[in-house]
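Enquirer: Provided below are the primary sequence and the corresponding predicted coordinates.
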Amino acid sequence: MELLRSNLSRVRIPEPTNRIYKQECCISFETPKSEGGLFVDMNSFLAFGKDFVAWNYEKSGNPVYLHIKETQKPVSEDRPSKKPTLLAIGVEGGFDNNDPEYEQSYEIVILPDYVTLPFPSVELPEKVRLAVDAVIMNAGAEKKEQVAAWTADAKIISKHAMELKQFDNGVIVPPSGWKCENCDKTDNLWLNLTDGSILCGRRNWDGSGGNDHAVNHYNVTRYPLAVKLGTITADLEAADVYSYEEDAIVMDPLLAQHLQHFGIDFSSLQKTEMTTAERELDQNTNFDWNRIQESGQDAEPLFGPGYTGLVNLGNSCYLAATMQVVFSTRGFCSRYYFDRSLKVAFNSALADPTVDLNTQLTKLAHGLLSGKYSIPATKKDVAGDTAQTTLTAKQEGIPPRMFKSVIAANHPEFSTMRQQDALEFFLHLLDQVERSNPGNLILDPSRSFKFGVEERLQCPSGKVAYNKRYDYILSLNIPLHKATNKKELEDFKKLKAEKDAKGEELSSDEIVRPRVPLMDCLDCFAAPEELCDFYSSALNAKTTAIKTTGLTSFPDYLVLHMRKFLLEEGWVPKKLDVYIDVPDTIDISNMRSKGLQPGEELLPDGGVTAAEDGGMNAKEDIVHQLVSMGFQHLHCQKAAINTFNAGVEEAMTWLLNHTSDPDIDEPIAKAHKSAPTVDPSKVEILLSFGFEEEIARKALQATDGDIEKATEWIFNPPSMSNMDTTPSSSGNVVDAALPDGQGRYRLIGLVSHIGTSTHCGHYVAHIYKNGGWVIFNDDKVAVSKNPPTDMGYLYFFERIDG
């Protein structure tokens, strides 16, 4: 006890704002359920497994820890499952996975000799008892983040509710038989609480939902509140009331009064529509188990190094599938596993290791690749008065909770529990990894995916221009006219017409989908295409130019993105129901850019950059479609201009790659005006950091004099935002700063998608390992008997050297 009293200065009573970790080790996946339990530092409130707590003592000098151990209680097999009423995990009303219950035990441990003291104990100093009680009573940072992200946002009381104006226009709403006033929709109807108009809701991404008549009505009238008909019952709190100005489902304390104004007796109404939360819950509890997941097959589970599953944190399959493939590449394995121990990563973290990306990537790599956690799960069975532990054929997997928290920090989408696009996440991951390894090409594993793209533009004058940019993915259109099974498709169309005429449905076995070879998709990317409204500085006029595209380098890993989602007339998104025939190996040597050739004459200066300087205007239809998807208008204009108005898909790809550019919010013509003056004192500050004066001036000019942004600009120059129009030397172009080699590749993995939109549904990864295909479906890791190589959304190829 005296030893503890002598270290009281190193014990802190946690403040309400302190983040307390007590569910998971910050540098491993040890938990209180692990054999050695968990040790909570009573000064920093970070948690450590038994093999890692000594590292923290060496680094911080903090000797006092709360040791938490959880022991599983026997659970009866016939315990009934509860139906979820809330889209949540681990909270009251959420999903019940029949998880076993545990008993907690606590003790005080003092390092370095691991002196233990019992808790609770009246003999402990009051400061220690208060500190430990506070830690035990705290929900824990991990649980708070999980519940906050899973639980739907609490409804706020609308600022319009108490003083809402309602017109005495004689509108009486009947108890049934509703229909949109502007179309024939009879579901997803919203009653405007100001004028009593009944209009349909928003059109969903997959084309379902309404026709936007309700929101369009608000845009004209500015009447702020509407209630969803069909969700109104005697329980008015369960009704969906939407505030257009506040852009949220809200509470209306006077809803009964507002409904009675239009003659609605809410007590007699029966619920006929799902609320927004219930519909979301329904979507999340029903998956399309089909060929991609190889359901219905007896899967042989795999265990050991490299075969560790990832627990689904709730719509996190996009992250799990992407990270499994990423950590099958040499660059990421070397950087965060083979060449970096957990101890080095922990000691390298400047402050809190839970918010350090490189530390959490190292933790994740060791969790996935070491095999430590890839073991059959255990289950306690109850037999009479005795309990015995048995092994199951399934592994528990590891929860990438801390990694997700870091990689998604301050990101408006990835920080939520909503489903996300695996492509967007992959690009975001590489961007963050590059930023976390500034100025160090050897340590940055994102370079293994990076390559140069060169576009050759030739106008009718015969003169040419070359644009160069960098990218991480090759986004490919799918030329359906290249389908190899046209005869079968024609027969299928006839069969479908016959069935439709008889009112019969097609069976799944009768459906025929187009089959397009991957090489035709690659040929389509490299094929010449016409660019309308191209401003030629040689002709001083807009004209039609011919664009061809090639690669200046062949990366270690080539990622192909299949553009399966397109916009039909009316901006209705559609997913192409198509198979891609992908060979085991491909050769893209013919896609190497040749650069400026002898006899070619470059367009006069301004032939390309004049586009943003007034020579080219963004096509309004492209801009409008992008704005309707939620992008900013200025960004959409720049995307259209910088892709020469080639189309919505091209502009969207440009947007995804350039959202973090320092000059993305600058006026379109600003980049081509005279360079702004630079504050000499700020130049001196950057010089004191060791940067060269010319680089310091350029960085300050590009970031409007912001020193912090200028420093980031130096380490991460925006190569993609400012196209390099310097003519390439004749002969094949080689980018010396990037990995390069021959153009032969072999398929090593794919990420497949199930669903009508990239932002809903489910993602699964298949990876070629040790001579065979393996399926990674969240925490399920098994031998793949029939890998869906023709159904991929993202394909990962490894370059074949030699």
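Expert: Arrived safely.
Enquirer: rest of the way, CA atoms for contacts and neighbours
Expert: Fine.
Enquirer: what's near enough to touch Ile333?
Expert: Just to correct that, residue 333 is Cys rather than Ile. Shown in contact with Cys333 (Cα atoms under 8 Å, 6 or more residues apart in numbering): Phe327, Ala365.
Enquirer: correct me, but Leu319 touches Asp421?
Expert: No. Using Cα atoms under 8 Å, Leu319 makes no contact with Asp421, being 9.2 Å away.
Enquirer: more crowded one of the two?
Expert: With other Cα atoms under 10 Å as the criterion, Leu319 and Asp421 differ in neighbour count, and Leu319 comes out ahead with 26 against 17.
Enquirer: who does the helix or strand hosting that one touch, helix- and strand-wise?
Expert: For Leu319, the host element (DSSP states H and E) is helix 317-326. If you count contacts as 3 or more Cα pairs under 8 Å, 6 or more residues apart in numbering; DSSP states H and E, helix 317-326 packs onto helix 422-436, strand 744-754, strand 762-769, strand 772-777.
Enquirer: Which strands or helices does whatever helix or strand comes next after the longest one pack on?
Expert: To tie it back to what came earlier, the one meant is helix 422-436. Past helix 422-436, heading to the C-terminal end, the next element that is a helix or strand (DSSP H and E) is strand 451-458. If contacts are counted by 3+ Cα pairs under 8 Å, 6+ apart, strand 451-458 sits against strand 464-471, strand 541-551.
Enquirer: how about the CA coordinates for the first one, as PDB?
Expert: Put plainly, it is strand 464-471. Once side chains and other backbone atoms are set aside, the C-alpha atoms of strand 464-471 remain, and they are given as PDB (Å, rounded to 0.1, in the frame of the first residue of the first chain):
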ATOM      1  CA  VAL A 464      -0.700  18.900 -80.300                       C
ATOM      2  CA  ALA A 465      -0.600  19.300 -76.600                       C
ATOM      3  CA  TYR A 466       0.200  16.900 -73.800                       C
ATOM      4  CA  ASN A 467      -1.400  16.900 -70.300                       C
ATOM      5  CA  LYS A 468       0.100  14.800 -67.500                       C
ATOM      6  CA  ARG A 469      -1.500  13.800 -64.200                       C
ATOM      7  CA  TYR A 470      -1.100  11.200 -61.600                       C
ATOM      8  CA  ASP A 471      -3.700   8.600 -60.500                       C
END
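Enquirer: Report all helices and strands that that strand contacts.
Expert: Contacts of strand 464-471 with other secondary structure elements, assessed using 3+ Cα pairs under 8 Å, 6+ apart, are made with strand 451-458.
Enquirer: all helices for the stretch 501-650 of the chain, in order.
Expert: Counting by DSSP state H, counting those that start in this stretch, the stretch 501-650 of the chain has helices at residues 518-526, 620-628, 633-642, 648-658.
Enquirer: Tell me which of these sits most buried.
Expert: The densest packing among the helices of the stretch 501-650 of the chain, expressed as mean neighbour count by mean count of other Cα atoms under 10 Å, is seen in helix 633-642 with a mean of 23.
Enquirer: Quick one: list the elements packing against that one.
Expert: With contacts taken as 3+ Cα pairs under 8 Å, 6+ apart, helix 633-642 sits against helix 620-628, helix 648-658.
Enquirer: can you list contacts of that helix?
Expert: The contact list for helix 633-642 (Cα under 8 Å, 6+ apart) reads 611-612, 616-619, 622-623, 626-627, 646-648, 651-652, 654-655, 664-665, 667-668.
Enquirer: List the contacts of Ile546.
Expert: Taking Cα under 8 Å, 6+ apart as the contact definition, Ile546 lies against Arg456, Leu457, Gln458, Cys459, Pro528, Glu529, Glu530, Leu531.
Enquirer: Could you find the closest non-adjacent residue to it?
Expert: Excluding its sequence neighbours, the residue lying closest to Ile546 (Cα to Cα, 6 or more residues apart in numbering) is Glu530, at 4.8 Å.
Enquirer: burial count for that neighbour?
Expert: For Glu530, the tally of surrounding residues (other Cα under 10 Å) stands at 15.
Enquirer: I'd assumed Thr548 was in contact with it.
Expert: No. With contact defined as Cα under 8 Å, Glu530 does not count as touching Thr548 (9.1 Å).
Enquirer: hang on, Leu495 in a helix?
Expert: Yes. Residue state for Leu495 (DSSP: H, G, I helix; E, B strand; the rest coil) corresponds to a helix.
Enquirer: So that it lines up with my notes, have the first residue be 4 from now on.
Expert: That works, and once the first residue is 4, the last one we named lands at Leu498.
Enquirer: ok, Asp559 touching Pro742?
Expert: Yes. When contacts are counted by Cα under 8 Å, Asp559 is listed as touching Pro742 (6.3 Å).
Enquirer: shared neighbours of these two, anything?
Expert: By Cα under 8 Å, 6+ apart, Asp559 and Pro742 have these common neighbours: Ser451.
Enquirer: if you count what's nearby, which of the two comes out ahead?
Expert: Using other Cα under 10 Å, the more surrounded residue of Asp559 and Pro742 is Asp559, with 26 against 17.
Enquirer: and that one, backbone torsions?
Expert: According to degrees, to the nearest 10, the main-chain angles of Asp559 amount to phi -60, psi -40.
Enquirer: Distance-wise, check it relative to Phe452.
Expert: Asp559 sits 6 Å away from Phe452 when distances are taken as Cα to Cα, to the nearest Å.
Enquirer: hmm, back to that, possible to save the helices and strands packed on helix 320-329 as TSV with mean neighbour count?
Expert: Rendered in TSV, the data for those read as follows (neighbours: other Cα atoms under 10 Å):
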stretch	mean neighbour count
helix 425-439	18
strand 747-757	23
strand 765-772	24
strand 775-780	22
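Enquirer: mind putting those in a markdown table, distance to Pro586 and mean pLDDT included?
Expert: Formatted as a markdown table, the helices and strands packed on helix 320-329 follow (distance: least, Cα to Cα, whole Å; pLDDT from 0 to 100):
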| stretch | distance to Pro586 | mean pLDDT |
| --- | --- | --- |
| helix 425-439 | 22 | 92 |
| strand 747-757 | 8 | 95 |
| strand 765-772 | 13 | 94 |
| strand 775-780 | 14 | 95 |
